[in-house]
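[1] Build me a model:
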Amino acid sequence: AAATGLDSVLPSVFGGTTVWIAPCLPEAARREANRYLVAYDGDTADAPAANITHIVVDTWDVDKWDPDTNRAMQLAPGARVVSPAWVRACVASKMKVPEDQHQP
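    Okay, here's the model as predicted:
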């Protein structure tokens, strides 16, 4: 059979997720999370919205969160709060891993 090129397609690790990457994260962590999410079929939110499924931060201290991240949490109270390590662990596992193992 002829090669279709599908073997090189990255897995849809983050399909169905809309992720808010907190602006208060260090620049390198934000860039890395964004790169992985886009490459592995996730959506990233450009603004706080009710459809956000995950919020990536590096601290539970909401006083250290930027106003937009606090707004994202208000608009999407059911969103899972995770650390950047969750994004990396999902990519390494090629599937979504339990969020509660990767809290900030």
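[2] In which helix or strand does the nearest residue to Arg88 once chain neighbours are set aside reside?
    Leaving aside its chain neighbours, Arg88 sits nearest to Tyr36 (7.1 Å; criterion: Cβ to Cβ, 6 or more residues apart in numbering). Yep, even glycine has a C-beta here, placed from its N, CA and C like the rest. Element membership for Tyr36 (DSSP states H and E) is helix 27-39.
[3] what's the helix or strand just after that helix in contact with?
    Per DSSP H and E, the first helix or strand lying C-terminal to helix 27-39 is strand 43-44. Applying Cβ atoms under 8 Å, 6 or more residues apart in numbering, the contact partners of strand 43-44 are Phe14, Thr17, Thr18, Val19, Trp20, Ile21, Asn34, Leu37, Val38.
[4] Hmm, Glu99 and Ser83 touching each other?
    No - the pair Ser83 / Glu99 is not scored as a contact, 9.5 Å apart, by Cβ atoms under 8 Å.
[5] Mind checking which of those two has more residues around it?
    Between Ser83 and Glu99, Ser83 has the larger neighbour count (other Cβ atoms under 10 Å), namely 21 against 17.
[6] For the closest residue to the more buried one other than its chain neighbours, list the residues it contacts.
    In space, and not counting its chain neighbours, Ser83 is closest to Pro104: 4.4 Å by Cβ to Cβ, 6+ apart. The neighbours of Pro104, taking Cβ under 8 Å, 6+ apart as the test, are Val57, Asp58, Thr59, Trp60, Val81, Val82, Ser83.
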